[in-house]
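>>> Coordinates for the following, if possible.
(one chain, ligands or ions: 1)
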Amino acid sequence: MYVQPVGTPKLELDTPALILDLDVVEANIQRMADFLRDKPAKIRPHMKTHKTPALAHKQLAAGALGVTCAKLGEAEVMAAAGIKDILIANQIVGRLKLERLMSLARSTDIMVAVDDEQNVADLDEAANRWGVRPRVLVEIDNGTHRCGVQRGERTIRLASQVAESRNLRLAGVMGYEGFAVFIADAEERAAAARGAMEILTGAADDCRSSGLEIGIVSGGGTGTFDTSGAFPGVTEIQAGSYITMDGRYKGIGLPFECGLSVLCTVISRPRPGVLITDLGMKQISHEFGMPHVLNVPGASLTKLSEEHGLIELADPPSVPHQPGDTLEILPTHGDTTINIHDYFFAVRGGLLEAVWAVGARGKSR
Ligand SMILES: Cc1ncc(COP(=O)(O)O)c(C=O)c1O
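This next block holds a predicted model:
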């Protein structure tokens, strides 16, 4: 890749380019740290959003406990970047992956979620062979109906099985309230998060009543950071998107700003009122709706093909654009857009400051 020099103005960068506004990102990290300062809960930010060690280190420097990963491959990238305290908030299943997990457990204090008795037995057996004792969180289904066991007898049984496994350490419980994080009405969202955290902390208390030691109670996303992060008994929150934000989260009135965009170039002006750019669905995702054109009033991105984007301008066009002009587009879903880029172009005050590899992009195994 030809890398333009530090100090290059943002709008002159080669495109399509994934842009990170460092002042905004650092302010978002600080805002989260300020909110949690007087709370018992701390943040273990989710890496699935930015997948970038340089950003993880900024979050750790601001007080993050460690990191949360969705996949083993992400965890391996973070471990290679020197991060030791890693939660894989997911089930690790299958012989090959168990080997990789135990290999990671040799150099990090890894933690993994479980919701199945056979999986616990397999983890214990693999840990025994590797001579390691990874930490385990029992995943509770607290309303999302994805992975996780129901609060009650099964949770207690599974937590007891982990506690009795010679090569595993029962660290606590986790439950992610994904069904609540995008609820537009703030009070409804808070009520949904409170309900989920009642189930999660209740499950932790049930285990304690059965004589089990539960240290970690982990949940919380960006949309619910304030409710879940202040809920009595919750010790960690797993929010990820707050660092960059995106078009979908922007719409629900959170105290974080959008620091992410994709810069593109106008390559054609085929008809009055229409611009074609070099930004297609291979560079920006659209499963949460069409991305937004920034700084051009009345302009909307109405069509994405593989390598082209079609922008319709207000009539008459508010700004006369020429082929070669660059435009910034706000993704509606940050995580899936970042995952299809090799590099972040980090800018401050409109000038390029750093280029960071998105180290864990595509690490879905
Ligand atoms: C397990 C888990 N924890 C936390 C999150 C938080 O993500 P966000 O900050 O995007 O709400 C997610 C999002 O999918 C998740 O799957």
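
>>> Quick check: which ranges of the chain have low pLDDT?
316 (pLDDT under 70).

>>> So which residues of it form helices?
Secondary structure of the chain (DSSP state H): helices located at 22-36, 53-61, 72-80, 95-107, 117-130, 153-164, 186-209, 225-229, 247-250, 334-338.

>>> Pipe those into TSV and attach mean neighbour count per row.
Where you see a C-beta, it was placed from the backbone N, CA and C, and this is true even at glycine. Shown next, in TSV, are the helices of the chain (neighbours: other CB atoms under 10 Å):
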stretch	mean neighbour count
helix 22-36	18
helix 53-61	19
helix 72-80	22
helix 95-107	17
helix 117-130	17
helix 153-164	18
helix 186-209	19
helix 225-229	24
helix 247-250	19
helix 334-338	22
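
>>> Around the residue nearest to Asp124 when sequence neighbours are not counted, count how many other residues there are.
In space, and not counting its chain neighbours, Asp124 is closest to Ser165: 4.0 Å by CB to CB, 6 or more residues apart in numbering. Neighbourhood size, Ser165 [other CB atoms under 10 Å]: 19.

>>> Would you check that Ser165 makes contact with Asp122?
No. Using CB atoms under 8 Å, Ser165 makes no contact with Asp122, being 10.5 Å away.

>>> Restrict stretch 236-256 to CA atoms and write it as CSV.
The C-alpha trace of stretch 236-256 is given here as CSV (Å, rounded to 0.1, in the frame of the first residue of the first chain):
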residue,chain,number,x,y,z
GLU,A,236,-18.1,-5.2,34.3
ILE,A,237,-19.7,-3.9,31.1
GLN,A,238,-18.8,-5.1,27.6
ALA,A,239,-19.8,-2.0,25.5
GLY,A,240,-17.8,-1.7,22.2
SER,A,241,-19.5,0.7,19.8
TYR,A,242,-19.3,3.7,22.1
ILE,A,243,-15.6,4.3,21.0
THR,A,244,-16.5,5.1,17.3
MET,A,245,-20.3,5.1,17.3
ASP,A,246,-22.2,4.8,14.0
GLY,A,247,-25.3,6.0,12.3
ARG,A,248,-27.6,3.5,14.0
TYR,A,249,-26.5,4.3,17.5
LYS,A,250,-26.4,8.0,16.8
GLY,A,251,-30.1,8.0,16.3
ILE,A,252,-30.9,7.0,20.0
GLY,A,253,-29.4,10.0,21.7
LEU,A,254,-26.4,8.7,23.6
PRO,A,255,-23.7,11.0,25.0
PHE,A,256,-21.0,9.7,22.5
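
>>> Please spell out which residues along that stretch are buried.
236-249, 254, 256 (16 or more other CB atoms under 10 Å).

>>> who's in contact with whichever residue of the chain sits closest to the ligand?
The ligand sits closest to Gly221 of the chain, with a gap of 2.8 Å, by CB to the nearest ligand atom. With contacts defined as CB atoms under 8 Å, 6 or more residues apart in numbering, Gly221 is in contact with 176-178, 180-181, 228, 237-241.

>>> Restricting to those residues, which residues neighbour the ligand?
When contact is defined as CB under 6 Å from any ligand atom, the contacts of Gly221 meet the ligand at 176, 178, 181, 238-241.

>>> Can you give me the domain assignment for the chain?
10-17+255-357, 22-244 (automatic domain parsing).

>>> Same list as before, the ones you listed that is, but in JSON lines and with distance to Ser364 included.
JSON lines is the format used below for these (distance: least, CB to CB, whole Å):
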{"stretch": "domain 10-17+255-357", "distance to Ser364": "9"}
{"stretch": "domain 22-244", "distance to Ser364": "6"}
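
>>> I'd say Met245 and Glu257 touch.
Yes. Met245 is within contact range of Glu257, at 6.4 Å (criterion: CB under 8 Å).

>>> Which neighbours do the two have in common?
Here Met245 and Glu257 share the contacting residues Asn28, scored by CB under 8 Å, 6+ apart.

>>> Run through the residues of the stretch 201-350 of the chain sitting next to the ligand.
Counting by CB under 6 Å from any ligand atom, the stretch 201-350 of the chain sits next to the ligand at 221-223, 238-241.

>>> repeat that with 8 Å
Contacts of the stretch 201-350 of the chain with the ligand, taken as CB under 8 Å from any ligand atom, map to 219-225, 238-242, 249, 335.

>>> Now render those residues as CSV, adding distance to Cys207.
What follows is these, written out as CSV (distance: CB to CB, whole Å):
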residue, distance to Cys207
Gly219, 15
Gly220, 19
Gly221, 23
Thr222, 28
Gly223, 27
Thr224, 23
Phe225, 25
Gln238, 20
Ala239, 24
Gly240, 27
Ser241, 30
Tyr242, 29
Tyr249, 33
Asp335, 32
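
>>> what's the most distant pair in the buried residues of stretch 236-256?
Glu236 and Gly247 (27.4 Å; CB to CB).

>>> From Leu301, how far off is Leu11?
Counting by CB to CB, to the nearest Å, the gap from Leu11 to Leu301 is 18 Å.

>>> who's more crowded, these two?
Shown here are Leu11 and Leu301; by other CB under 10 Å, Leu301 has more neighbours (22 against 15).

>>> Please name the bridge partners of that one.
For Leu301, the beta-bridge partners are Ile311 (DSSP bridges).

>>> contacting residues around it?
Contacts of Leu301 by CB under 8 Å, 6+ apart are 290-293, 309-311, 329.

>>> Tell me the one of those nearest Ala33?
Closest approach between the contacts of Leu301 and Ala33, by CB to CB: His292, at 28.1 Å.
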